[in-house]
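**Q** Quick one: sequence and predicted model below, then my questions.
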2 protein chains.
Amino acid sequence: MHEIRTVEASQHVGEMVQLKGWLHNLRRLGGVNFIVLRDGWGTIQAVTEDDADLAPVADLALGSVIRLNGLVIANSHAPGGLELQRPRIEIVTPVMETPPLPLNKRRLNAALPTLLDHAVVVNRHPSRQAIFRLASGVMAGFRATLTDRHFTEIQTPKIVASATESGANVFKLDYFGRPAFLAQSPQFYKQIMVGVFERVFEVGPVFRAEPHDTARHINEYVSLDVEFGFIENHFTVMRLLREVIAGIFTYLTDNYAGDLALLEATLPTILPEIPHIHFSDAQELILQKHGFDVRGEPDLSPQDERWLGEWAMEEHGSDFLFVTGYPMVKRPFYTHADPDRPEYSNSFDLLFRGTELVTGGQRLHRYADYLAALEKAGYPDEPFETYLEAFRYGMPPHGGFAIGMERLLMQFLGLPNLRLATLFPRDLNRVAP
Amino acid sequence: MHEIRTVEASQHVGEMVQLKGWLHNLRRLGGVNFIVLRDGWGTIQAVTEDDADLAPVADLALGSVIRLNGLVIANSHAPGGLELQRPRIEIVTPVMETPPLPLNKRRLNAALPTLLDHAVVVNRHPSRQAIFRLASGVMAGFRATLTDRHFTEIQTPKIVASATESGANVFKLDYFGRPAFLAQSPQFYKQIMVGVFERVFEVGPVFRAEPHDTARHINEYVSLDVEFGFIENHFTVMRLLREVIAGIFTYLTDNYAGDLALLEATLPTILPEIPHIHFSDAQELILQKHGFDVRGEPDLSPQDERWLGEWAMEEHGSDFLFVTGYPMVKRPFYTHADPDRPEYSNSFDLLFRGTELVTGGQRLHRYADYLAALEKAGYPDEPFETYLEAFRYGMPPHGGFAIGMERLLMQFLGLPNLRLATLFPRDLNRVAP
């Protein structure tokens, strides 16, 4: 008897197999009975005309854990072209209560708070499984693309002595009686590690105490961080980012065809060179095209980003658009200025279908420039002392970026809320499950 | 002109190349000058009899960032059998101050606090680079072994509503005016995710507010977590763990030969079946062999573990030893008891060279068992409500383990302190750098 996973059934046509998983569905249709089993990778249907075959689960709720034996038969009418015949069910863990939401419907129909309250069970739905299997693929594709380019993976501390981006919006911690913070990003550490490995990446949690209550913000998320040395300017960084994005989607296409089909995902167009527009030109464009004068605003609004995303698709046929040269006033102190127009920065955002997905750019790399930047920002040097050591003892021109993993999934899959791309989201009101 | 990394030089013998990195060493030996460049992957030596070649760096400190052009020549007397001739140095980032510790000596000779205070620069030393490159290999080998076995990678939240293992030793957080905690382990979430994917793993930070001040404890570390369903008992888990450990070391051997040589690492002996001894037998053994009666103690001391490690090597020629069946009183509430001797558990520790490296075991999987276990432990159900949902709606027998990544490196490399296996350690007194 072969013990197999649902997705392996096609290799065992004509054989008796055993599967294990959850009783996903049970239907009695005029003399024919269908049993659907879900495991960690998919579902499979068993069919029988003998009611006695169902006897073991007759008094149990869906969700009971079972072993299912049967003969694998090719049947073009069955989902996936396969079904099990002569099923024999063994109960592993009986369940008495029906799940808080039906998991055997094609779509999960419930309001967002219900979905989130019961995420423990809701994430068992095939559509939720598929999203988070893609999440694992995003991480794997990210790592593979960078490892191929000789980047080294790092894990940097999440408990930190000083806030990185800004003193506000940082979670405070009692660290053995002293104050400490949760890292808003691995920014300082990934820069420091350029001094060690030249090219580094990290996949890890970041924490933002922003009191936003929007569909596209959460307070803990997975950041895909990259930093590397010996760049010319932010365009070097943008070229790598394009390769990383392409690498991730190639990885998903190569390894997750079933999940992409189930979620009806539309693969984005990634041009050989992703179009880019300077921040000031983007504002001019919005004025010309939409009659809104946002010139002088130091940042783009979500509406601005949507307009620019539409323009990138119309004008270039691109799902992605780089906006470069954000004003220095809105960028953190370590940002490198544009040498020709120092009020603008050598930084960028990457918009994906009209929403910011990635922020990146060139950083300062000279010790003296850091001292000047801190002074200009009105920050004392002392909290940054160990960070500054990296620059004091030699750093090359460098830059990097950070991709929000859940943002990428949300935009790719067209999910209406970032929380739906997050296993167990943390927001203003939610720290459980 | 080929732009290459140090480790690629052997493929370019007879060619002019450009390298970029840090000025690692400069030696003038009676008419012959040696220039050593360090990059993110290694070092390479250039040689010249012409003092003028050194002119660009004459007034600079070691650690200056440079580009180095030269002709690659095979020379059996040179380190690595290669050197550059006709070097031409270009300054990228000049450095004026010598580093706080000399990085160009074979060994870093400084007291631990100095090494940790200056970790930003100290981690640039080739021996430190090698340790943390191996860390990236441990993660990659761990993931590869599990992905081959159809495990899905997950990322679970680090800000949590309730402590997992015990209420003590957990970092408290101000979460928008409410209390929250830092996850001591992904235990609850990885179990919950067995309900989704059956087989899961996670690589991520865990946080322990333990006021230990020992050479083998830190307060934030990287945990390599595994959990999977449809096990028979803890021996199923131990068999997988053996494969994972073997997979990690095979991955290191296959991909990091240079680093293993530089660190003079001794590969551990991993027998086809790692020997195991029951907790109570281990205590008897200690009495017989060493005359110390630790029977009745609910746990093993570090000395007990060292003795058992010695015994495993003498008796079995094994660097690893499973100790099974720890008393239930010292194991968390979700631990599955030994059905035959319910005062002992279906859990284990894996000792590596006489130190605990992994803890794991079988967990409870029936809802009613959880209610009983919580009552027995004197815990209220309410903080565990969403965790309990997983069991209420069907969970298979399951188990897993957690490997401390830094512990693994410390034991493998024979480092005297866990902090030396950690990029930027967090302990009772240290949150920076």
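**A** Everything's here; your move. Numbering: from 1, shown residues only, chains lettered A, B, ... in the order given.

**Q** Tell me where the stretch 301-433 of chain A has strands.
**A** Remark: strands assigned in the stretch 301-433 of chain A by DSSP state E, counting those that start in this stretch are A:320-324, A:347-352, A:355-363, A:398-404.

**Q** quick one: the last one to strand A:347-352, angle?
**A** Regarding strand A:398-404 and strand A:347-352, their directions subtend 30 degrees when assessed with axes from the mean of the first three to the mean of the last three C-alpha atoms, to 10 degrees.

**Q** remind me which residues of the stretch 151-300 of chain A are low pLDDT?
**A** By pLDDT under 70, the low-scoring segments of the stretch 151-300 of chain A are A:164-167.

**Q** burial measure for the residue in the stretch 251-400 of chain A positioned nearest to chain B, as a count.
**A** With C-beta to the nearest C-beta as the measure, residue A:386 is the residue of the stretch 251-400 of chain A nearest to chain B, at 3.3 Å. Where you see a C-beta, it was placed from the backbone N, CA and C, and this is true even at glycine. Residue A:386: 19 surrounding residues under other C-beta atoms under 10 Å in any protein chain shown.

**Q** As a markdown table, the strands of the stretch 301-433 of chain A with mean pLDDT and distance to chain B would be great.
**A** Formatted as a markdown table, the strands of the stretch 301-433 of chain A follow (pLDDT from 0 to 100; distance: least, C-beta to the nearest C-beta, whole Å):
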| stretch | mean pLDDT | distance to chain B |
| --- | --- | --- |
| strand A:320-324 | 98 | 24 |
| strand A:347-352 | 98 | 20 |
| strand A:355-363 | 98 | 13 |
| strand A:398-404 | 98 | 10 |
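
**Q** Give me the buried positions along stretch A:134-154.
**A** For stretch A:134-154, a neighbour-count test (16 or more other C-beta atoms under 10 Å in any protein chain shown) marks A:134-143, A:145-146, A:151-154 as buried.

**Q** contacting residues for the nearest residue to the residue of the stretch 251-400 of chain A closest to chain B once chain neighbours are set aside?
**A** Using C-beta to C-beta, 6 or more residues apart in numbering or on different chains and skipping residues adjacent in sequence, the residue nearest residue A:386 is residue B:433, 3.3 Å away. Going by C-beta atoms under 8 Å, 6 or more residues apart in numbering or on different chains, residue B:433 touches A:192, A:386, A:387, A:389, B:117, B:119, B:120, B:424.

**Q** I figured the fourth one hits residue B:120, correct?
**A** Yes. The pair residue A:389 and residue B:120 passes the contact test of C-beta atoms under 8 Å, sitting 4.3 Å apart.

**Q** Looking only at neighbour counts, state which of those two leads.
**A** Using other C-beta under 10 Å as the criterion, residue A:389 and residue B:120 rank with residue B:120 on top: 28 against 21.

**Q** In helices, which of the buried residues of stretch A:134-154 appear?
**A** Within the buried residues of stretch A:134-154, residues falling in helices by DSSP state H are A:134, A:135, A:136, A:137, A:138, A:139, A:140, A:141, A:142, A:143, A:145, A:146.

**Q** I figured the fourth one hits residue A:250, correct?
**A** In this case it means residue A:137. No. Taking contacts as C-beta under 8 Å, residue A:137 lies outside contact range of residue A:250: 10.6 Å.

**Q** Closest one to residue A:379 out of the contacts of residue B:433, please.
**A** For the contacts of residue B:433, the residue nearest residue A:379 by C-beta to C-beta is residue A:387; the value is 11.2 Å.

**Q** excluding its backbone neighbours, what's nearest that closest one?
**A** Spatial nearest neighbour of residue A:387, excluding adjacent residues (C-beta to C-beta, 6+ apart): residue A:188 at 4.8 Å.

**Q** now do residue A:130
**A** residue A:259 (3.9 Å).

**Q** you'd agree that neighbour is up against residue A:136?
**A** No. Taking contacts as C-beta under 8 Å, residue A:259 lies outside contact range of residue A:136: 10.2 Å.

**Q** What are the structural domain limits within chain A?
**A** Domain ranges of chain A: A:2-98, A:126-421, per automatic domain parsing.

**Q** which of those domains sits most buried?
**A** Highest mean neighbour count among these (mean count of other C-beta atoms under 10 Å in any protein chain shown): domain A:126-421, with a mean of 19.

**Q** For the contacts of residue B:433, give me CSV that also has distance to residue A:346.
**A** Output for these, formatted as CSV (distance: C-beta to C-beta, whole Å):
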residue, distance to residue A:346
A:192, 20
A:386, 25
A:387, 20
A:389, 24
B:117, 32
B:119, 29
B:120, 24
B:424, 28
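
**Q** Nearest to residue B:211, out of those: which one, please.
**A** Sorting those by distance to residue B:211 puts residue B:424 at the head of the list, at 19.9 Å, by C-beta to C-beta.

**Q** quick one: contacts for the residue nearest to the closest one when sequence neighbours are not counted?
**A** Closest residue in space to residue B:424, ignoring its immediate chain neighbours: residue A:157 at 5.0 Å, by C-beta to C-beta, 6+ apart. Residue A:157 makes contact with A:183, A:189, B:205, B:220, B:423, B:424, B:426 under the criterion C-beta under 8 Å, 6+ apart.

**Q** Ramachandran angles for residue A:157?
**A** Backbone torsions of residue A:157, given as degrees, to the nearest 10, read phi -70, psi 150.

**Q** what do you get for residue A:44?
**A** According to degrees, to the nearest 10, residue A:44 has phi -150, psi 150.

**Q** picking that back up, could you pull up phi and psi at the residue nearest to residue A:130?
**A** According to degrees, to the nearest 10, residue A:259 has phi -70, psi -40.

**Q** so what's it up against?
**A** Contacts of residue A:259 (C-beta under 8 Å, 6+ apart): A:130, A:131, A:133, A:134, A:137, A:265.

**Q** Next, the last one: secondary structure please.
**A** In this case it means residue A:265. Following DSSP: H, G, I helix; E, B strand; the rest coil, we place residue A:265 in the coil state.

**Q** excluding its backbone neighbours, what's nearest it?
**A** The shortest distance from residue A:265 to any non-neighbouring residue, by C-beta to C-beta, 6+ apart, is to residue A:413 (5.6 Å).

**Q** from what I can see that neighbour touches residue A:263, true?
**A** Yes. The pair residue A:413 and residue A:263 qualifies as a contact (C-beta under 8 Å) at a distance of 5.6 Å.
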